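In: Pasting the sequence and the predicted model now:
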Amino acid sequence: EAGVTQFPSHSVIEKGQTVTLRCDPISGHDNLYWYRRVMGKEIKFLLHFVKESKQDESGMPNNRFLAERTGGTYSTLKVQPAELEDSGVYFCASSQDTGRVGGYTFGSGTRLTVV
Amino acid sequence: GDSVTQMEGPVTLSEEAFLTINCTYTATGYPSLFWYVQYPGEGLQLLLKATKADDKGSNKGFEATYRKETTSFHLEKGSVQVSDSAVYFCALTRGSARQLTFGSGTQLTVLP
């Protein structure tokens, strides 16, 4: 089966610009998660979708970040306007809700650099 | 809240050396514990996991034992290879379909 796909793989933008990251989960996976790793620190949870609904968005840092999941399929994460501290690697993961712990599949990530 | 603390890197070893990467956690209840690995240019991959106390997860020669008394899940491998060079992340979750809490990652470089 195809894995979790993220694009772009890299993005360099100027402070104040807008960037949209996309994640295509594994087909049939209802759960979709966004995480990010800033400056070589820990990977932090941003939010969790179940189908098209936001189950938990407690990790979203501020209102410059907007996540959507159209029709419960792919998801986008928009940063507007971007700030320098938003630089990092953004990971997406998906899973089925089978009750089995740890069934996450991660994408390769999008490396965002804000200059 | 939940947290995971990993030994700071980077770690550089010679091929066939013994590897230990320490991981301790803070969480309520009985979390499940994981080690993820990120090879250069790739996404995070599950290396091994343990879902209850005293469980030992193992894969590709790596092992980690869930120690509730010391709240630890240290990663070990008896003989590392150059191909093991990667970033290793310790993580926990408190249920299926719940988010993961990660440590800061440990960069491992194995020299031939």
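Out: Sure, I can see it. What you are looking at is a predicted structure, and each value in this text was computed from that prediction instead of being measured.
In: C-alpha only now, for contacts and for neighbours.
Out: Will do.
In: List the contacts of stretch B:82-97.
Out: A:31, A:95-102, B:4, B:6, B:15, B:23, B:25, B:29-40, B:99-112 (Cα atoms under 8 Å, 6 or more residues apart in numbering or on different chains).
In: Among the residues you listed, the buried ones, what's the ChimeraX command?
Out: For the buried members of the contacts of stretch B:82-97, the matching ChimeraX selection, counting by 16 or more other Cα atoms under 10 Å in any protein chain shown, is:
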select /A:31,95,96,97,101,102 /B:4,6,15,23,25,31,32,33,34,35,36,37,38,39,99,100,101,102,103,104,105,106,107,108,109,110
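In: Next step: the contacts of stretch B:82-97 restricted to strands.
Out: A:31, A:95, B:4, B:6, B:23, B:25, B:32-38, B:101-102, B:106-111 (DSSP state E).
In: From A:Tyr74, how far out is the residue sitting nearest the centre point of chain A?
Out: By Cα atoms, centre = their mean, the mean C-alpha position of chain A lies nearest to A:Trp34, the distance being 3.2 Å. In this view, A:Trp34 and A:Tyr74 are 12 Å apart by Cα to Cα, to the nearest Å.
In: Neighbours of the nearest residue to B:Ser32 once chain neighbours are set aside, how many?
Out: Excluding its sequence neighbours, the residue lying closest to B:Ser32 (Cα to Cα, 6 or more residues apart in numbering or on different chains) is B:Thr51, at 4.3 Å. Residues lying near B:Thr51 (other Cα atoms under 10 Å in any protein chain shown) number 20.
In: B:Met7 now?
Out: What B:Met7 shows, counting by other Cα under 10 Å, is a neighbour count of 16.
In: how about the helices in chain B?
Out: Counting by DSSP state H, no segments of chain B form helices.
In: any low-confidence regions in it?
Out: Residue ranges of chain B with pLDDT under 70: B:96-97.
In: ok, now which ones touch the residue sitting nearest the centre point of it?
Out: Central residue of chain B (Cα atoms, centre = their mean): B:Trp35, 3.3 Å from the mean position. Residues in contact with B:Trp35 (Cα under 8 Å, 6+ apart) are B:Leu46, B:Leu47, B:Leu48, B:Lys49, B:Leu75, B:Tyr88, B:Phe89, B:Cys90, B:Ala91.
In: swap the cut-off to 6 Å and go again
Out: B:Leu47, B:Leu48, B:Phe89, B:Cys90 (Cα atoms under 6 Å, 6 or more residues apart in numbering or on different chains).
In: ditto for B:Leu33
Out: B:Lys49, B:Ala50, B:Ala91, B:Leu92.
In: Just among those residues, which is most surrounded?
Out: Neighbour max across the contacts of B:Leu33 (other Cα under 10 Å) = B:Ala91, 29 neighbours.
In: I'd like the distance between that one and A:Ile26.
Out: For B:Ala91, the distance to A:Ile26 - Cα to Cα - is 22 Å.
In: Then B:Leu47?
Out: In terms of Cα to Cα, B:Leu47 sits 20 Å off from A:Ile26.
In: Quick check on B:Glu16: phi, psi?
Out: With angles defined as degrees, to the nearest 10, B:Glu16 sits at phi 80, psi 0.
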